[in-house]
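Novice: sequence and predicted structure are below.
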Amino acid sequence: PNVGGGAPDRVLYVGKDFPQWQTGEPRKINLDKWRVPDLVCEIADTTLANDLDDKKRLYAALKIPEYWVVDIKGERVLAFQLQENGKYQECEFSGILEGLPISLLSETLKMLVQGNGMAAMWFAQQIAAL
């Protein structure tokens, strides 16, 4: 409440102690009750500037360990890890998803023109080889 709130496009919790809701209950994450997500992702089609500015500052203030912005028009994923100084620094590998190369996500986005199935199959092959 003293920082602000957001409505990210995707959140990811790794491990235990993640929010669970009853059927019909609003899916809001109350940070007084639950821990922060391990990763928050925004899908930027027309909101890239806002996602890289205001939302990035908000999620840093909320101490979200990792923040991704999927730039639809640029066909790239920008990933940031929270540093000890409370600011995000761009990263090439995910710290939350055990070293997943961010470039692999960007390449998958570019492959979507060939179809979701082809992109998904290629991505699965790539992560199997990690």
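Specialist: Happy to help now that I have it. Numbering: from 1, shown residues only.
Novice: list the contacts for Lys87?
Specialist: Ala60 (Cβ atoms under 8 Å, 6 or more residues apart in numbering). (Glycine included, C-beta is placed from N, CA and C.)
Novice: quick check: it vs Ala120, distance?
Specialist: 34 Å (Cβ to Cβ, to the nearest Å).
Novice: got it, and Glu98?
Specialist: 20 Å.
Novice: flag the shaky bits of this structure, pLDDT-wise.
Specialist: When residues are selected by pLDDT under 70, those of the chain lie in 1.
Novice: would you list every one of the helices in it?
Specialist: 48-52, 54-61, 102-111, 116-128 (DSSP state H).
Novice: so the residue positioned nearest the centre of the chain bridges to which residues?
Specialist: Geometric centre of the chain, nearest residue: Cys41, 2.7 Å, by Cα atoms, centre = their mean. Taking DSSP bridges as the rule, Cys41 bridges to Arg10, Trp68.
Novice: surely it is in contact with Val70?
Specialist: Yes - contact criterion Cβ atoms under 8 Å: Cys41 and Val70 qualify, at 6.5 Å.
Novice: state the distance from the closest residue to Phe123 other than its chain neighbours to Leu39.
Specialist: Once flanking residues are discounted, Phe123 sits nearest to Thr108: 4.6 Å by Cβ to Cβ, 6 or more residues apart in numbering. As judged by Cβ to Cβ, Thr108 and Leu39 stand 17 Å apart.
Novice: again, but for Ile72
Specialist: Distance from Ile72 to Leu39, by Cβ to Cβ: 19 Å.
Novice: any idea how many residues pack against Lys16?
Specialist: 6 (other Cβ atoms under 10 Å).
Novice: show me the contacts for it.
Specialist: Contacts of Lys16 (Cβ under 8 Å, 6+ apart): none.
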